[in-house]
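Colleague: give me a 3D structure for the following:
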Amino acid sequence: MDTEEKFVKCLNCGKEYTGNFCPDCGQKAKTKRLKLREILADLANSIIGGDNKFVNTLRDLCCRPGHLVREYLQGHRSKFYNPLQMLIWIVTIYAVLSFVIGNDPFGFAGVPADKIVPKGDTPEKAFVAFLGNTVNFISYNKLYYSVFLGITLIVPYRIAFRKQKISRPDGAELPLNYTEQFYTILYESCMEMLLATLILPFSLIKGSEAILNEINSYADFLFTLIVYKQLYCISWWKCIRRNVAVFFIWLVYVVVIAIAVFGLLYAIYTLIYGTKEMEINFQ
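Modeller: Numbers count the residues shown, from 1 in each chain. This is a model prediction of the structure:
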């Protein structure tokens, strides 16, 4: 016996239709009232991406990070979270866990009180304090620090690995562009933050913080080597040489940028206050 199809009116756009999803806006036909159970279900679904994206990304970050990066750059986007999205989730989990256990040995959850620069009683001191607090905020917030560091490392990595290429789906072999370099660096940050989250509970052991910080620091360099070795399928020795080159290029790059920025700030300051005023304020 044929059953008559029932029309449903979309609560989002008002279109009448049959089926489980609105053909215009894609909203589900059955839209329940908000309850705690629905909120928790939506949260869990957003974490796993509805199709195990979170699990796939987490598994490959632990087992095959360089291959994960290459597959993502080759276009396998439906399987994995993008690195910024993944980093946000891991940083959030770390912040919640550090709050629960009452300890943040890696300094990722906020700026320590003794690192906050007072504003001072003059405009120029307030400006210097603003710059100092901005630097501290970026340094002690893992998400912003990772993004900022990733931006400064794009050019050094592009220069050091300019001869290395990965295969594209169309058969072409091309070096990574600037955005792809940035995403690769962010995936490295995900690995570092994931390790910090996993070893965070051990910080409750008295006297363990120094050891944990050493582990996290050395692991960061090891993660970098693993990612680029697997990404480009090169030898350990070649990967080490390239990353050492990245470090020295990055130092020169940062120094040049710092000189340019402080030179610009100095010029602006002298235009406003004059050179004599600056000499008096900074004595």
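Colleague: if you count neighbours, what's buried in the helix or strand containing Leu271?
Modeller: Per DSSP states H and E, Leu271 falls inside helix 236-273. Buried residues in helix 236-273, counting neighbours by 16 or more other CB atoms under 10 Å, are found at Cys239, Arg242, Asn243, Val246, Ile249, Trp250, Tyr253, Tyr269. Glycine gets a C-beta too; all of them are placed from N, C-alpha and C.
Colleague: just those now: which is nearest Lys125?
Modeller: Tyr269 (12.0 Å; CB to CB).
Colleague: show me what the helix or strand where Arg70 lies is packed up against.
Modeller: Assigned by DSSP H and E, Arg70 belongs to helix 65-74. Applying 3 or more CB pairs under 8 Å, 6 or more residues apart in numbering; DSSP states H and E, one finds that helix 65-74 contacts helix 53-63, strand 166-167, helix 178-199, helix 209-232.
Colleague: can you pull the buried residues of the first one?
Modeller: Right, the one you point to is helix 53-63. For helix 53-63, a neighbour-count test (16+ other CB under 10 Å) marks Lys53, Phe54, Asn56, Thr57, Leu58, Asp60, Leu61 as buried.
Colleague: follow-up on the earlier one: wait, which of the helices and strands packed on helix 65-74 is closest to Pro156?
Modeller: Closest approach to Pro156 among the helices and strands packed on helix 65-74 (CB to CB): helix 178-199, 9.2 Å.
Colleague: and the angle from that closest one to helix 209-232?
Modeller: Interaxial angle of helix 178-199 relative to helix 209-232 (axes from the mean of the first three to the mean of the last three CA atoms, to 10 degrees): 140 degrees.
Colleague: count the residues that sit near Ser167.
Modeller: For Ser167, the count of nearby residues is 11 (other CB atoms under 10 Å).
Colleague: what does Leu73 give?
Modeller: By the measure other CB under 10 Å, the count of residues near Leu73 is 20.
Colleague: quick one: it and Leu87, what's the gap?
Modeller: The gap separating Leu73 from Leu87 is 17 Å, by CB to CB, to the nearest Å.
Colleague: for Asn141, same thing?
Modeller: Counting by CB to CB, the gap from Asn141 to Leu87 is 12 Å.
Colleague: what do you get for Ile215?
Modeller: Using CB to CB, Ile215 is found at 20 Å from Leu87.
Colleague: Met193 now?
Modeller: For Met193, the distance to Leu87 - CB to CB - is 6 Å.
Colleague: which residues do these two both contact?
Modeller: Here Met193 and Leu87 have Ser146 as joint contacts, going by CB atoms under 8 Å, 6 or more residues apart in numbering.
Colleague: isn't Cys62 right next to Leu194, touching?
Modeller: Yes. Between Cys62 and Leu194 there is a contact at 7.5 Å, judged by CB atoms under 8 Å.
Colleague: and the helices and strands packed on helix 65-74 as CSV, adding mean pLDDT?
Modeller: Converted to CSV, those look like this (pLDDT from 0 to 100):
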stretch, mean pLDDT
helix 53-63, 89
strand 166-167, 84
helix 178-199, 91
helix 209-232, 88
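Colleague: please identify the deepest-packed of these.
Modeller: Among the helices and strands packed on helix 65-74, helix 178-199 has the highest mean neighbour count (mean count of other CB atoms under 10 Å), at a mean of 20.
Colleague: on that earlier part again, which outside residues touch whatever helix or strand comes next after the helix holding Arg70?
Modeller: Counting by DSSP H and E, the next helix or strand C-terminal to helix 65-74 is helix 83-101. Helix 83-101 is contacted from outside by 47, 54, 57, 61, 80-81, 104, 108-109, 142-143, 146-147, 183, 186-187, 189-190, 193-194, 196-197, 200-201, 203-204, using CB under 8 Å, 6+ apart.
Colleague: how much does helix 83-101 deviate in direction from helix 178-199?
Modeller: 20 degrees.
Colleague: give the buried residues for helix 83-101.
Modeller: For helix 83-101, by 16+ other CB under 10 Å, it's Pro83, Leu84, Gln85, Met86, Leu87, Trp89, Ile90, Val91, Tyr94, Ala95, Leu97, Ser98.
Colleague: need those in CSV (columns: distance to Cys13).
Modeller: Output for those, formatted as CSV (distance: CB to CB, whole Å):
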residue, distance to Cys13
Pro83, 33
Leu84, 30
Gln85, 27
Met86, 32
Leu87, 34
Trp89, 30
Ile90, 35
Val91, 35
Tyr94, 39
Ala95, 37
Leu97, 40
Ser98, 42
